[in-house]
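J.: sequence below, structure please.
(chains A and B)
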Amino acid sequence: MSKRIDVKDLNVYYSKFLAVEDVNINIEARSVTAFIGPSGCGKSTFLRTLNRMHEVIPGARVEGEVLLDGDNLYADAVDPVTVRGQIGMVFQRPNPFPTMSIRDNVLAGVKLNNKRMSKSDGDDLVEQSLRGANLWNEVKDRLGRPGSGLSGGQQQRLCIARAIAVSPQVILMDEPCSALDPISTLAIEDLINELKADYTVVIVTHNMQQAARVSDKTAFFNIAGTGKPGKLIEYGDTTTIFNKPAQKATEDYVSGRFG
Amino acid sequence: MSANQMLQRRQSQLTRGHLPSYAVWVVLAASVVLGAALASLVGFSVVGWAIISAVVFVLAATLVTAVAEGERKAKDRLVTFLVYGAFLIALLPLVSVIWTVLERGVPGLSYNFLFTSMNGVTGAVDNEAVEGGTPVLGGAYHAVLGTLQITLWATLISVPIGLLTAVYLVEYGSGKGLTKAITFFVDVMTGIPSIVAGLFAAALFALLFGPGTRTGFVAAVALSVLMIPVVVRSTEEMLKIVPNELREASYALGVRKWRTITKVVIPTAISGIASGVTLSIARVIGETAPILVTAGFASSINWNVFSGWMSTLPTFIYYQILTPTSPTSPDPSTQRAWAAALLLILMVMLLNLVARLVARIFAPKTSR
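T.: Here you go, the predicted model:
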């Protein structure tokens, strides 16, 4: 249960402003792809176009195609809700639902859609998802407690459990560790390595060491200046990007000369 | 002499030039004594004593501080006293109202008052009670029922309309012209005098069901005109502070927008919405004028909001004071009016407590 993503000639606009220009990228199934680049270069914007989450912002629109195993996400009859059911997302700041217990947070994707589920099926799904997010042992005794009572790192893993509970094909992560301490970051990175076996993972990160540690492929985005659109500069195997990049800008960025 | 002893004997450099903490109390005691003396010069009264003492105390404490601690500290003291003084002055009317209502209302508050209506209570009955020194008969049961029914119906009308309007404003209509128009008119509605709302409801029902249509329901419509803007405003504010991240988290799980609103946004904001609704009820429960023109006045129990005149506590108070049941001995009526006033205050207070309780029960849980 994981699908590949192919992006063809994608432009992203906020109203009239061209935010990301002409991206072509092929993301393999069952792999970890990292997007790196300086702030404001459009990598988060681009990530959000992969499950049509950018549409939440008024005026945001897209030209081009995003193919999920060959199906265009932006075809006329496609319902964004279906897309988001297949492509899950984890955000920068952990955002468990404050009104729900840990158990209900994990089952949120099921319950909010009013799908019927027996209690034992629900229990199984909770355990399976929490184990999948490496959180089961820490919270198994307090599933009825509020999710917002967990530490930041635990909350973020709870959000990952919540995302995988709806069994998506792809998981997008928008700087999932930037609000976390090194220990929690390590836990999430280990988790990403495990998730790779079942899911296609795309991660945006500001931390180049993190990109080097977790990803198979890396895409470098850059921006020519303020008000200019962000562009995909280089995309390739992580080792190539970090050791022998083809572009000068990539080399400057990964070697810490700017950004 | 060793260094240790030196340290003990010498005053700390850090606290030099500070008045000891009891200094303020000494000045206060002196001011109270001085205030008593000055007050008796101009003719003693407790109020005069308090005012003179307060003025003397503020001046003396500031002066003492200025001499002992310097100008900056003195200014600090002065402003602190002024702030406390303003607080006490603001508190005075409230305490005074509660005191008066308790003093005059408690004697009239009895089982009989709570659970009988004014049905059959005439001037003769009141005269008898005054002459014979027997307990005052008649009560506000019908008015309490009327208040509860009319307020309940007003709430039933206002909450769905107000809640849905707020949901539209926050979730669907941001930046649209209609939103700006609604916001503007809601603001205008907030300023509508309550008697105008009453006249509007009376005119509306006169048009629909013939002139002179006065029922509890007409009053509920009038009150809902006053309630809706309050509900819209408070709900709107509460929905606005729900973090966008929660909406995004829900969308990212493949949840539809309306489900996100009903299952994530509103539950997160429900405590604030509930207390806003309760406060809006408290706002209209004491309305008198719109009830007079829409529900008329009744002295007997009426369980049906859709037919017949009805009383509420405010109109009950109004009529008891303005047209005492027995014109020759109005005391029983006055007593009933004060008891009803106390009852009304208790109801509003209870509502506020309920609002807090509801807010606490529904509040997002953060305990570890």
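J.: CA only for contacts and neighbour counts going forward, please
T.: Noted.
J.: which bits of the stretch 201-350 of chain B sit near chain A?
T.: Within the stretch 201-350 of chain B, the positions near chain A by Cα under 8 Å from any Cα of the partner chain are B:245-246, B:248-256, B:259-260, B:263-264, B:267-268.
J.: roughly how far apart are the closest residue to chain B within the stretch 101-250 of chain A and A:Ser101?
T.: As assessed by Cα to the nearest Cα, chain B sits closest to A:Gly149 within the stretch 101-250 of chain A, at 4.4 Å. Counting by Cα to Cα, to the nearest Å, the gap from A:Gly149 to A:Ser101 is 9 Å.
J.: can you pull out the strands in chain A?
T.: A:5-14, A:17-27, A:32-36, A:60-68, A:71-72, A:87-90, A:170-174, A:200-204, A:217-223, A:230-237 (DSSP state E).
J.: could you say which of the ones you listed is packed most deeply?
T.: When the strands of chain A are scored by mean count of other Cα atoms under 10 Å in any protein chain shown, the highest mean neighbour count falls to strand A:87-90 (a mean of 29).
J.: re earlier: distance to chain B added to the strands of chain A, as TSV?
T.: As requested, those are exported to TSV (distance: least, Cα to the nearest Cα, whole Å):
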stretch	distance to chain B
strand A:5-14	16
strand A:17-27	19
strand A:32-36	19
strand A:60-68	15
strand A:71-72	17
strand A:87-90	6
strand A:170-174	10
strand A:200-204	15
strand A:217-223	23
strand A:230-237	23
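J.: so where's the chain uncertain?
T.: Looking at chain A here, since you left the chain open. Counting by pLDDT under 70, chain A has low-confidence residues at A:1, A:259.
J.: wrong one, I was asking about chain B
T.: For chain B, the ranges with pLDDT under 70 are B:1-12, B:15-16, B:364-368.
J.: export stretch A:237-254 to PDB, keeping only CA atoms.
T.: Output in PDB follows, covering the C-alpha atoms of stretch A:237-254 (Å, rounded to 0.1, in the frame of the first residue of the first chain):
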ATOM      1  CA  ASP A 237      20.200  10.500  -4.700                       C
ATOM      2  CA  THR A 238      20.900  11.900  -1.300                       C
ATOM      3  CA  THR A 239      24.600  10.900  -1.400                       C
ATOM      4  CA  THR A 240      25.000  12.600  -4.800                       C
ATOM      5  CA  ILE A 241      23.300  15.800  -3.600                       C
ATOM      6  CA  PHE A 242      25.500  16.000  -0.500                       C
ATOM      7  CA  ASN A 243      28.800  14.800  -2.000                       C
ATOM      8  CA  LYS A 244      28.900  15.600  -5.700                       C
ATOM      9  CA  PRO A 245      26.100  18.000  -6.600                       C
ATOM     10  CA  ALA A 246      25.800  19.100 -10.200                       C
ATOM     11  CA  GLN A 247      24.700  22.600  -9.500                       C
ATOM     12  CA  LYS A 248      26.900  25.300  -7.900                       C
ATOM     13  CA  ALA A 249      23.900  26.600  -5.800                       C
ATOM     14  CA  THR A 250      23.300  23.100  -4.300                       C
ATOM     15  CA  GLU A 251      26.900  22.800  -3.400                       C
ATOM     16  CA  ASP A 252      26.900  26.200  -1.700                       C
ATOM     17  CA  TYR A 253      23.800  25.400   0.200                       C
ATOM     18  CA  VAL A 254      24.800  21.900   1.400                       C
END
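J.: what sits up against it?
T.: A:37, A:208, A:211-212, A:215-218, A:220, A:233-235, A:258-259 (Cα atoms under 8 Å, 6 or more residues apart in numbering or on different chains).
J.: kindly recompute the last result at 6 Å.
T.: Stretch A:237-254 is contacted from outside by A:Asp216, A:Lys217, A:Thr218, using Cα atoms under 6 Å, 6 or more residues apart in numbering or on different chains.
J.: and if you look at stretch B:122-140?
T.: B:Phe113, B:Leu114, B:Thr116, B:Ser117, B:Met118, B:Val121, B:Thr325, B:Ser326.
J.: among those, which one sits closest to chain A?
T.: Among those, and counting by Cα to the nearest Cα, the member closest to chain A is B:Leu114, at 40.5 Å.
J.: correct me, but the closest one touches B:Ala143?
T.: No - counting by Cα atoms under 6 Å, B:Leu114 stays clear of B:Ala143, with 9.7 Å between them.
J.: looking at these two, which is more packed in?
T.: B:Ala143 (29 against 19; other Cα atoms under 10 Å in any protein chain shown).
J.: doesn't A:Asp104 make contact with A:Pro146?
T.: No - contact criterion Cα under 6 Å: A:Pro146 and A:Asp104 do not qualify, at 9.0 Å.
J.: distance of B:Val284 relative to chain A?
T.: To chain A, B:Val284 is 31 Å away according to Cα to the nearest Cα, to the nearest Å.
J.: in the helix or strand hosting that residue, which residues are buried?
T.: Counting by DSSP states H and E, the secondary-structure element that holds B:Val284 is helix B:266-285. Neighbour counts over helix B:266-285 (16 or more other Cα atoms under 10 Å in any protein chain shown) mark B:266-282, B:284-285 as buried.
J.: who touches the very next helix or strand once past that helix?
T.: Using DSSP H and E, the helix or strand that follows helix B:266-285 in sequence is helix B:289-295. Applying Cα under 6 Å, 6+ apart, the contact partners of helix B:289-295 are B:Ile195, B:Gly198, B:Ala202, B:Arg214, B:Thr215, B:Gly216, B:Val218, B:Ala219, B:Trp309, B:Met310.
J.: good, wrapping up.
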